[in-house]
Structures are given as structure tokens and as C-alpha cells.
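Q: Give me coordinates for this.
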Amino acid sequence: MIGIIDYNAGNITSVERALKSLNIEYILSKKPADLENCDKLIFPGVGDAAYAMVQLKETGFDKFIKAKTTAGIPLLGICLGSQIIFEKSEEGDTDCLGLIPGAIRHFYNIKPELKNQGMKVPHMGWNNLDRKDCPILKDVPENADFYFVHSYVICPQDESVIKATADYGITVPAVIQSGNIFACQFHPEKSGVPGLKILENFCNA
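A: Residues are numbered from 1 along each chain as shown. A predicted model of the protein is given here:
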């Protein structure tokens with residue numbers, strides 16, 4: 001059974017709609033206890049990192065996610081959920097979950113000249129990917145585009161966890177895999193058929 005983590009900071013409706021279209025059974029809950037027996041977890045997210053971490057701590061999902069991923073349960077982070085699985089975010093100078101070593105940095109702090117080059121932040125729109133092998137990308141067309149909305153960039157300590165990148169004035173890590181932890185900076189649930197294939201791969205692998 002797939003568990004969707006609802007911590008008041010997620011793009012829940014679109015994820016639910018996507019799983020329903022794939023005929024994938026799931027449980028959505030604001031309570032960790034309700035997801036205790038799920039064999040995979042989806043961790044969506046939109047908005048502010050600091051707010052999201054407060055919500056995770058108040059609901060107990062911070063400890064739950066750490067315990068489940070340590071136990072080997074697969075996790076898929078989406079958008080903000082792909083960022084706060086790392087250690088630290090520049091957004092609000094926020095200590096995050098620390099599941100994977102690395103930081104989250106603002107586009108302009110990584111490359112200030114992007115401003116003068118007309119690269120607007122947030123990075124919003126459709127981009128294709130430069131990809132490596134990764135289970136959730138299996139049978140996804142090479143030329144597929146995916147929908148991004150973000151102002152902050154994943155900067156892993158170990159770059160080998162980066163399984164796909166996009167180009168937006170800098171190389172943007174777009175798909176992450178570290179063992180049983182997967183993450184998409186883009187929104188697979190809003191990316192049409194290729195995005196649905198990523199969700200299907202994760203849920204059915």
C-alpha cells in the first residue's frame with residue numbers, strides 16, 4: 001500500500017488525482033500511525049521550507065520519515081519534499097530532515113549573474129532532462145518534458161545521487177536517488193503521461 005504524507009504543506013490533490021488515474025491504491029493521512037503499515041511513502045511539498053519543517057515536527061512526521069527510510073521503506077519526495085530530505089535549506093536558514101547529506105541553495109546565491117542574464121526565479125515551466133539510469137525513469141521517453149516550479153536548488157554533497165538534471169542557466173538536479181530514497185524536483189503529478197510513468201514506476205517497482 002502507498003502512503004501519502006499530509007503535513008499541511010503538500011500538493012496533495014494533484015498527487016491523489018494522479019494515483020487514481022493509475023488505479024493505484026493509497027492511504028492519505030495527517031497521522032503517522034495511519035501510514036505505519038505502508039510499504040512505500042510519497043512525500044509531496046509546496047511552499048516554504050521553514051513552515052514545512054514546523055508542520056513535520058508538530059505532526060511527528062519528521063521522526064516517522066527518518067525511521068521508515070532507515071528501515072528501508074522507499075520514499076518519493078516531490079518538489080519541496082525533494083529538498084527538505086537534505087540537511088539544510090537557505091530558505092529561512094532551515095535545518096531539514098538530513099536523510100541525504102547536502103544543502104538547498106537559492107538560484108541567485110549559486111550564480112548571481114543569472115539575474116543579469118534574464119533568468120527569472122522561480123524557475124517555472126517545462127524542461128527536459130539529461131538522464132542516467134534510475135528505476136523511476138524506466139521507460140520514460142528520452143525527450144519528455146517535466147513541469148518545474150522552484151526558487152531553490154538541490155546541492156548534494158555526493159553528486160552521484162543525481163540521476164537527472166535540467167538546464168536553467170545552471171545545471172539543476174532534477175531526480176535524486178540515494179538507496180531507497182527517491183526525489184523529483186519537478187512535479188511528476190503535473191507532467192502528463194511521462195510524469196505518471198514515474199509515479200507508476202515508483203509505486204509498482
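Q: Who are the contact partners of I100?
A: With contacts taken as C-beta atoms under 8 Å, 6 or more residues apart in numbering, I100 has the following neighbours: I85, F86, E87, P156, Q157, V161, I176, S178, I181. (C-beta placed from N, C-alpha, C; glycine too.)
Q: 7 Å instead, please
A: I85, F86, P156, V161, S178, I181 (C-beta atoms under 7 Å, 6 or more residues apart in numbering).
Q: Where does pLDDT dip in this structure?
A: Counting by pLDDT under 70, the chain has no low-confidence residues at all.
Q: Do you have the helices of it handy? List them.
A: If you assign secondary structure with DSSP state H, the helices in the chain sit at 12-21, 49-59, 61-70, 80-83, 107-110, 192-204.
Q: Just put these in TSV and tack on distance to D133 and mean neighbour count.
A: Listed next are these as TSV, based on distance: least, C-beta to C-beta, whole Å; neighbours: other C-beta atoms under 10 Å:
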stretch	distance to D133	mean neighbour count
helix 12-21	24	17
helix 49-59	30	18
helix 61-70	21	18
helix 80-83	19	27
helix 107-110	26	16
helix 192-204	12	19
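Q: Who are the contact partners of the nearest residue to E142 once chain neighbours are set aside?
A: When the adjacent residues along the chain are set aside, E142 lies closest to R131, with 7.3 Å between them (C-beta to C-beta, 6 or more residues apart in numbering). Shown in contact with R131 (C-beta under 7 Å, 6+ apart): L137, K163, A164.
Q: can you check G169 too?
A: The neighbours of G169, taking C-beta under 7 Å, 6+ apart as the test, are K111, L114, Q117, M119.
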